[in-house]
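> just a sequence and a predicted model for now, questions to come.
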Amino acid sequence: MSEKHHIEKISNYNDKISIYNLVYKKFNFKWWVRIIIPPLIPTLASFVLLFYQKDSWILLTFPIMVLFSVVSINYMIRRVEVVIRTYYSYALNDNNKYNYDSFLEIQKQELINLLGNTLTKKDNLLFLIDKLSAQQNKYSHGLSVQTVVIIISIITGSFLSKFLDYSSNMQDFYVGSRILISILLLIGFTLIIVDFFLIKGFVKQYIKNKNRLVRTLTNIYLDKYAE
């Protein structure tokens with residue numbers, strides 16, 4: 001098997017060591033029902049009450065929704081602990097509980113199992129880390145900048161000629177241009193803010209998930225060979 005095929009095969013392990021596959025996929029159907037249904041009931045009730053214009057009753061559904069959501073989250077946390085105790089007891093901490101480090105330990109051990117003894121030798125690990133690091137995704141604001149440029153170009157191209165057609169004099173043109181420039185600046189600023197505070201977070205989490213393989217390989221190397 002060629003080096004390229006080896007790397008592609010190992011790259012596929014990235015999804016196999018996701019917390020979803022390692023932990024949440026082991027939830028049974030009844031657990032998911034008990035997690036999803038409770039907060040869903042007041043949510044559906046609020047839509048029904050909205051349809052019948054029972055505004056005062058809608059307000060009552062919100063604290064119930066919050067309460068049921070907290071109950072569901074606590075239940076899910078307990079189910080996660082059950083899964084870890086059943087399948088990954090080695091990842092529990094000194095207090096016999098799990099935390100964030102427990103998930104890292106599970107991912108590390110499961111990847112070691114997938115790679116086998118040969119690929120977890122020092123030189124092989126360094127080779128994999130080097131090759132896979134070159135494929136890592138990184139976040140860039142280029143998309144939002146390009147979006148701003150495209151939208152501004154479209155608006156400017158569409159409306160600037162109209163301003164020229166309908167402006168009776170240069171004064172009208174200057175007034176219209178100032179309004180257009182203000183709108184363009186507002187749109188550009190809004191897109192950049194949305195990108196910085198909202199989109200960036202989602203994209204970074206997506207990229208972090210995509211790059212978990214390299215991080216886990218690095219953790220294996222540090223545990224086995226770092227002095």
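Arrived safely, thanks for sending.
> who's in contact with residue 224?
By C-beta atoms under 8 Å, 6 or more residues apart in numbering, the contact set of residue 224 is 120, 122, 125. Bear in mind the C-beta positions are built from the backbone N, C-alpha and C, glycine included.
> from those residues, which ones fall inside strands?
Assigned to strands by DSSP state E, none of those qualify.
> list only buried entries from the residues you listed.
Among those, those buried by neighbour count (16 or more other C-beta atoms under 10 Å) are 120, 125.
> taking the contacts of residue 224 one by one, which sit in helices?
Residues of the contacts of residue 224 located in helices (DSSP state H): 122, 125.
> can you put the contacts of residue 224 in TSV and add distance to residue 27?
As requested, the contacts of residue 224 are exported to TSV (distance: C-beta to C-beta, whole Å):
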residue	distance to residue 27
120	30
122	37
125	32
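> which of the contacts of residue 224 lies closest to residue 98?
residue 120 (24.2 Å; C-beta to C-beta).
> ends of stretch 14-25, what's the gap?
Start and end residues of stretch 14-25 are separated by 16 Å (C-alpha to C-alpha, to the nearest Å).
> return the set of buried residues in it.
Buried residues in stretch 14-25, counted by 16+ other C-beta under 10 Å: 14, 17, 18, 22, 23.
> which ones among these lie within helices?
Using DSSP H, 14, 22 are the members of these that sit in helices.
> residue 64: which of the contacts of residue 224 is nearest?
Distances from residue 64 to the contacts of residue 224, taken by C-beta to C-beta, are shortest for residue 120, at 50.8 Å.
> related to what we said a few turns ago, list just the nearest of the buried residues of stretch 14-25 to residue 93.
residue 23 (16.0 Å).
> and the closest one, what are its phi and psi?
Phi and psi for residue 23, reported as degrees, to the nearest 10, are phi -120, psi -60.
> one more: residue 99?
Torsion angles, degrees, to the nearest 10, at residue 99: phi -150, psi -170.
> OK, contacts around the closest residue to it other than its chain neighbours?
Computed as C-beta to C-beta, 6 or more residues apart in numbering, the closest residue to residue 99 that is not its neighbour in sequence is residue 93, at 6.0 Å. Counting by C-beta under 8 Å, 6+ apart, residue 93 touches 99, 101, 102.
> try residue 219
Contacts of residue 219 (C-beta under 8 Å, 6+ apart): 104, 107, 108.
> save those residues as CSV, and put in distance to residue 73 too.
Output for those, formatted as CSV (distance: C-beta to C-beta, whole Å):
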residue, distance to residue 73
104, 22
107, 22
108, 26
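> let me know the closest of those to residue 212.
Checking the contacts of residue 219 against residue 212 with C-beta to C-beta, the nearest one is residue 107 at 6.9 Å.
> distance check, the closest one against residue 214.
Counting by C-beta to C-beta, to the nearest Å, the gap from residue 107 to residue 214 is 12 Å.
> and for the two, which residues touch both?
Where contact means C-beta under 8 Å, 6+ apart, no residue is in contact with each of residue 107 and residue 214.
> report the buried residues of stretch 80-98.
Those buried within stretch 80-98 under the rule 16+ other C-beta under 10 Å are 80, 83, 84, 88, 91, 92, 98.
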